[in-house]
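[1] Requesting a structural model of the entry that follows:
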Amino acid sequence: MSAKREVYVPFQHLAGQAPEVARVRSTLLSASLQGVKTMGWERRYFAVLPPRMHDEMRMLVAGTWVPLAFAMEHYAACDRMDLTTDEKEDMGKQVSLRTQKTFVGTLGSVVAGAGATPWNVLTYTPRIWARIFEGGDCCVYKLGPKDALTVATACPLLRLDYFRTAIRAYYAALANLVSTTVYHREVAEYRTETQTGFRLSWA
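    Okay, here's the model as predicted:
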């Protein structure tokens, strides 16, 4: 991309050496399923989820680690629901709100402080990532005073359009804790089967 960028939060691994995501926190999937139910899409969701997964999803308990393959089945089903972009973004925001206490608890004093901005929140990006995923990596670049680029990598879930859209909305909702208006969009040049990049801008 043409914009000059400054590393704000570096990757935790050397380039190309981050291990692929192997497990996902069940709390994320549980919050996602709750969002499906809240939106009235439960029947629609289970119609596209493989039958062998139904009992496991219904009995899913928050606070454990589940294999990547399990998470992939869930998000692939969400992908097959053919939701609109707005619906996917709304789901991402809902999941963010539901999991903030679990994954983002350390931000409480930060966002409550006078003068806090999305930059304060973005400082915690690697810590939040590590609480949600086992494996993968992420970084944050500063493009301007209120313009950030976040790159997430080594995560096979990112091949799914639903997950890429929802994760952008997830982080936008976090930034929205300390900003009135937050915009987000994917940066196509960073997209691969296991990577995405998205810009967050705020006012």
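[2] Contact partners for residue 87?
    residue 39 (Cβ atoms under 8 Å, 6 or more residues apart in numbering). Bear in mind the C-beta positions are built from the backbone N, C-alpha and C, glycine included.
[3] does it belong to a helix or a strand, and which?
    Here residue 87, judged by DSSP states H and E, is contained in helix 85-103.
[4] how far does that helix sit from the chain's center?
    What separates the centre of helix 85-103 from the centre of its chain is 8 Å, taken as Cα atoms, centre = their mean, to the nearest Å.
[5] Ok, stretch 11-29 next?
    For stretch 11-29 - counting by Cα atoms, centre = their mean - the centre lies 12 Å from the chain centre.
[6] tell me which residues of the helix holding residue 87 are tucked away?
    88-100, 102-103 (16 or more other Cβ atoms under 10 Å).
[7] if I look at residue 44, how far off is residue 72?
    19 Å (Cβ to Cβ, to the nearest Å).
[8] next one: residue 167
    14 Å.
[9] Please apply the same query to residue 163.
    From residue 163 to residue 72 the distance is 9 Å (Cβ to Cβ).
[10] Now for these two: what residues contact both?
    With Cβ under 8 Å, 6+ apart, residue 163 and residue 72 have common neighbours residue 157.
[11] between those two, which one's more packed in?
    Using other Cβ atoms under 10 Å as the criterion, residue 163 and residue 72 rank with residue 163 on top: 25 against 17.
[12] Tell me if I'm right that that one and residue 157 touch.
    Yes: here residue 163 reaches residue 157: they are 4.6 Å apart, a contact under Cβ atoms under 8 Å.
[13] buried stuff in the strand or helix carrying residue 162?
    Element membership of residue 162 [criterion: DSSP H and E] is helix 161-175. Residues 162-175 are the ones in helix 161-175 that count as buried (16+ other Cβ under 10 Å).
[14] now do stretch 145-156
    Buried residues in stretch 145-156 (16+ other Cβ under 10 Å): 146, 147, 148, 149, 150, 151, 152, 153, 154, 155, 156.
[15] Report how far apart the opening and closing residues of that stretch are.
    31 Å (Cα to Cα, to the nearest Å).
[16] Looking at the buried residues of helix 85-103, spot the one nearest residue 201.
    Closest approach to residue 201 among those (Cβ to Cβ): residue 89, at 15.2 Å.
[17] Tell me which residues touch the residue nearest to the closest one when sequence neighbours are not counted, please.
    Counting by Cβ to Cβ, 6 or more residues apart in numbering, residue 89 lies nearest to residue 169, which is 4.1 Å off, once chain neighbours are set aside. Contact partners of residue 169, counting by Cβ under 8 Å, 6+ apart, are 88, 89, 90, 91, 92, 93, 96, 184.
[18] Could you identify the helix or strand that succeeds the worst-scoring helix or strand of the chain on mean pLDDT?
    Ranked by mean pLDDT, DSSP states H and E, the weakest helix or strand in the chain is helix 108-112, scoring a mean of 61. Sequence order places helix 118-122 as the next helix or strand after helix 108-112, per DSSP H and E.
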